[in-house]
Each structure stands twice: as C-alpha cells, then as structure tokens.
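Engineer: Okay, structure incoming, though there's no sequence with it:
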Ligand SMILES: Nc1ncnc2c1ncn2[C@@H]1O[C@H](COP(=O)(O)OP(=O)(O)OP(=O)(O)O)[C@@H](O)[C@H]1O
Ligand SMILES: Cc1ncc(COP(=O)(O)O)c(N)n1
C-alpha cells in the first residue's frame, strides 16, 4: 500500500486541510498520514480562529512519521508563517521524500487569511527548489508571479514565470475565474491546458486541497505528471458534481463519490 503524508492545517469542518487530504488519499487508493501545522476553527462560511502549532511540535510529528514509515509522497498545504515553512523545509531536506506537491494555501474560500503576509519569499527560497509540483490558485499565482491574472493567457504566463523561479512543475488552477474550469500545467516538456465545463455548484470548499492530494496519490502510484494531473482533474470535477450540502456556506466536495450516492448511502 502506497503511503502519502499531508503536512497541512486542520479544518474542523472536514472539507479542506488535512481532513480533505486524508479523504482524497484514501479515495485515490493510498494510505494517508498527517502532520498538523495549524488548528483552524472554521466552517463552510468563515474562519473563527487560527492556532499555529509550535515549530518544534511540527518537526517532531514529521520525525515520528519518517522514523517509522516509508513515505512515498508528501503534500504540503497550509504553512502559515515563514518560520513554519523553514522548519518543514529543513525536515524535507533531511528526509528527502521523492515526491513533494506544494499547495501554497494563503486564503480560504471564505476570504479569510490562512497565512501571514511575507511568506512568498521564504516559500520561494526554501520550498521552490525542492518541490515536484506547485499548485497555486489564481490569487496565489498572482502573489507569487507578481502578474495580474484575468484570463487564460495570463494564467499560462504566470505559470512560466513561476517555473523560471526554479519550480520543476507548476499547475495554475483557474477555479477563481469565470467560464470553463481551466487549469494550466507547465512542465519541462511544455504547457498543457486542462479544461472541463464549470459545475454550477457552490460546493467548492476544499477543491484545491483535494485536487493537490489526488495528484500526490497519483504520482505516488507512478504516473507521469500529465497523467497524474489529468486523472485528478477528472476526480475533482466529479467530486464537485456529486457533492452534497454540509453547512450553510460553501459545502465541500464529495471525496468518496465512487462509494456514495447523493443520499449518502453506500452503493
Ligand atoms: N465550479 C467548478 N466546476 C468544475 N471545476 C472546478 C470548479 N471550481 C473549481 N474547479 C476546479 O477545482 C480545482 C481547484 O481549483 P480552485 O481554483 O478552486 O483551487 P483553490 O482555490 O485552491 O481551491 P480551494 O481554495 O477552494 O481549496 C481546479 O482544477 C479547478 O479547475
Ligand atoms: C486548514 C485549511 N487548509 C486549507 C484551506 C483552504 O481551503 P478553501 O480554500 O477551500 O477554504 C482551508 N480552508 N483550511
């Protein structure tokens, strides 16, 4: 059984963060493990509070997993401060997992901040050189590239700018734009457009976390980058299509749509 580790924040409402990551790892046939970087009191409508875990405890969690278990792939989610980014990067340089997918979480769908300002420079210095794939959404890609993104041409240009910063592969996710749900994957072999009809649903809480974790599982299974991203794109589209209401705001995707019908009963 392939084993994937999420290093991310906890979303007590279950739709994003390590909770989404673990569900996506399982739904994509890998064993999920988690290191918690921050305890976020949040739900489908807002973030009430953010409690960051002390870096020593984050590093001890990473040690506990790696000293005992072979990790096939790592997914990085909410790393809310420069200090936490550096501490996690130091451990990744120590243990050298072969696959690292980084979802540079900065702001929740609710609009509330999940990261202190000024982390982009630390991410660029400490994480960009070691990650296999970076998966920024539109606001995150704008913050990293410095480019305003209003259309697909801007998405592709931003992906190339970020690649030129030393990231091996970049996926700029287009959920925050309008029209079809289009993402741009930039790899050393070239640029690939991945598109699907936008699902008319408000249930998009955790889409980015879930997509990047599904990609992580697919890469752990040995898929090449384009195949891993394409399969995960199909997974997230159906997970949104078959989502059900949880809470009063942006409900999460249905990570296990393969096993549940819309009534939530096991098929
Ligand atoms: N309504 C939608 N219909 C189909 N696909 C969507 C929709 N919204 C987002 N997606 C897809 O979901 C994936 C995640 O993109 P998105 O831009 O939502 O990331 P994100 O903002 O990091 O997600 P989140 O912050 O909600 O976790 C992308 O593949 C995107 O194209
Ligand atoms: C702990 C945690 N990590 C990530 C997100 C981003 O997910 P979204 O953008 O869907 O709110 C979140 N809301 N909470």
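Structural biologist: Noted; the coordinates are in hand. Remember, predicted model here, so these are calculated numbers, not experimental data. Ligands and ions are numbered 1, 2, ... in the order given.

Engineer: For the stretch 101-250 of the chain, which residues are neighbours of ligand 1?
Structural biologist: Near ligand 1, the residues belonging to the stretch 101-250 of the chain are 109, 137, 173-176, 181, 183, 196, 198-199, 201, 204-209, 211, 233, 236-237, 240 when assessed by CB under 6 Å from any ligand atom. C-betas here are computed from N, CA, C, even on glycine.

Engineer: Just the buried ones out of the residues you listed, please.
Structural biologist: For these, burial is judged from neighbour counts taken by 16 or more other CB atoms under 10 Å, and it is met by 109, 137, 173-175, 181, 183, 196, 198-199, 204-209, 211, 233, 236-237, 240.

Engineer: Tell me which residues of whichever helix in the chain runs longest come out buried.
Structural biologist: Ranked by number of residues, the top helix in the chain under DSSP state H is helix 225-241. Neighbour-count burial for helix 225-241, counted by 16+ other CB under 10 Å, picks out 225, 228-233, 235-241.

Engineer: One more: stretch 121-132?
Structural biologist: Using 16+ other CB under 10 Å as the test for burial, stretch 121-132 gives 122, 123, 124, 126, 127, 128, 130, 131, 132.

Engineer: Can you list which of those are found in helices?
Structural biologist: Judged by DSSP H, the buried residues of stretch 121-132 include 122, 123, 124, 126 as members of helices.

Engineer: closest to ligand 2 among those?
Structural biologist: The nearest member of these to ligand 2, counting by CB to the nearest ligand atom, is residue 123 at 15.1 Å.

Engineer: which element is the residue lying closest to the closest one once chain neighbours are set aside on?
Structural biologist: Counting by CB to CB, 6 or more residues apart in numbering, residue 85 is the residue found nearest to residue 123 once chain neighbours are left out, at 5.7 Å. Under the assignment given by DSSP states H and E, the secondary-structure element containing residue 85 is helix 82-95.

Engineer: The longest strand anywhere in the chain - which strands sit beside it in the sheet, and in what orientation?
Structural biologist: Scanning the chain for the longest strand, with DSSP state E as the assignment, gives strand 31-42. According to DSSP bridges, strand 31-42 forms sheet pairs with strand 3-11 (parallel), strand 47-52 (antiparallel).
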